[in-house]
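**Student:** I'd like to go over a predicted model; first the sequence, then the structure.
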Amino acid sequence: MSCQVKDALVNQLIALNNKLNILSPDLVHGDEARAEVQQRRETLYAEIKHHRAKGHEGKPCPAARQSD
């Protein structure tokens, strides 16, 4: 079973992880850009965790049970 919401959140997280890996300290003026990406990653992790637990009208995501 697939869940489009979960897939979209995971894809956003993958994109942010890739962006974080690309951001070299030489290319970033200070640590502000890296900190912003890291904050967004943490937010996405929390959104994914919440969706897996209660993202379908207060019920666990059926796709999350299969991916465990």
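**Tutor:** Cool, the structure landed. Predicted model only: the values in this text are computed from it and were never measured. Numbers count the residues shown, from 1 in each chain.
**Student:** which residues in the protein form helices?
**Tutor:** Secondary structure of the chain by DSSP state H: the helices cover 4-22, 32-54, 62-67.
**Student:** mind telling me which of the ones you listed the model trusts least?
**Tutor:** Averaged per stretch, pLDDT over these is lowest on helix 62-67, reaching a mean of 70.
**Student:** picking that back up, any chance of the helices of the chain in JSON lines with mean neighbour count as columns?
**Tutor:** Every C-beta, even on glycine, is put in place using the N, C-alpha and C of the backbone. Shown next, in JSON lines, are the helices of the chain (neighbours: other C-beta atoms under 10 Å):
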{"stretch": "helix 4-22", "mean neighbour count": "13"}
{"stretch": "helix 32-54", "mean neighbour count": "14"}
{"stretch": "helix 62-67", "mean neighbour count": "14"}
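**Student:** for Arg41, which residues are in contact?
**Tutor:** Arg41 makes contacts with 13, 16-17, 20, as judged by C-beta atoms under 8 Å, 6 or more residues apart in numbering.
**Student:** cutoff 6 Å now
**Tutor:** Contacts for Arg41 (C-beta atoms under 6 Å, 6 or more residues apart in numbering) come out as Leu16.
**Student:** mind starting the numbering at 502 from now?
**Tutor:** Yep, numbering from 502; the last one is Arg542 now.
**Student:** measure it to Gln513 for me?
**Tutor:** Note on Arg542: its distance to Gln513, by C-beta to C-beta, to the nearest Å, is 9 Å.
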